[in-house]
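Undergrad: I need the structure of the sequence given here:
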Amino acid sequence: MRAMSASLHDRPNAVELLDAVADTLEQRVLPTAGSDTDTRHDVRVAISISRIVARQLADETFEADMTSQLQSLLSATREGPELTGPDLLSAVARRVDESDLDPAFERAARSVIKNLVSRKLNTARPGYASSPSASTRG
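TA: This next block holds a predicted model:
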């Protein structure tokens, strides 16, 4: 996992703390759950959440990269530069839904959206996109 940029906080940083929580749950708590399936499930969920949040924090550039790419898609429509987050995604969706969609915009939008989904999937489930089960879902 990538190291987070320098901050005013001492080490361990947030990513390192979340990794430590996940490791402790996996190595010390899960083995003591025995056959209690509810507890084992809850511990696995907590491990997964800790690892996902750590990966989200480690990918410092995700939000800025996606905002920049989506805004550049909309720059010709003068709708994008001031939008962020869900509003920006909605504006791109509206533009894609237009019946007179420019083929060049459609190609660019597909590329940006594919990149967005790929990065999100890699954060949530690293390696899944290249797994055999992913290729059968397509």
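Undergrad: residue ranges with poor pLDDT in the protein?
TA: Under the criterion pLDDT under 70, the flagged ranges of the chain are 1-9, 76-81, 99, 133-138.
Undergrad: give me the element the most centrally placed residue in it is part of.
TA: Centroid check for the chain by CA atoms, centre = their mean gives K120 as the closest residue, at 3.0 Å. Using DSSP states H and E, the element containing K120 is helix 103-124.
Undergrad: Alpha carbons only: can I get that helix in CSV?
TA: C-alpha atoms of helix 103-124 as CSV (Å, rounded to 0.1, in the frame of the first residue of the first chain):
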residue,chain,number,x,y,z
PRO,A,103,-19.7,10.3,-31.0
ALA,A,104,-16.4,11.9,-29.9
PHE,A,105,-18.0,12.8,-26.5
GLU,A,106,-19.4,9.3,-26.2
ARG,A,107,-16.0,7.8,-26.7
ALA,A,108,-14.3,10.1,-24.3
ALA,A,109,-17.1,9.6,-21.7
ARG,A,110,-16.8,5.8,-22.0
SER,A,111,-13.1,6.0,-21.4
VAL,A,112,-13.4,8.3,-18.4
ILE,A,113,-16.3,6.3,-16.9
LYS,A,114,-14.4,3.0,-17.5
ASN,A,115,-11.4,4.4,-15.7
LEU,A,116,-13.6,5.6,-12.8
VAL,A,117,-15.3,2.3,-12.4
SER,A,118,-12.0,0.4,-12.7
ARG,A,119,-10.4,2.5,-10.0
LYS,A,120,-13.4,2.1,-7.7
LEU,A,121,-13.5,-1.6,-8.2
ASN,A,122,-9.8,-1.9,-7.6
THR,A,123,-10.3,-0.1,-4.3
ALA,A,124,-13.2,-2.2,-3.2
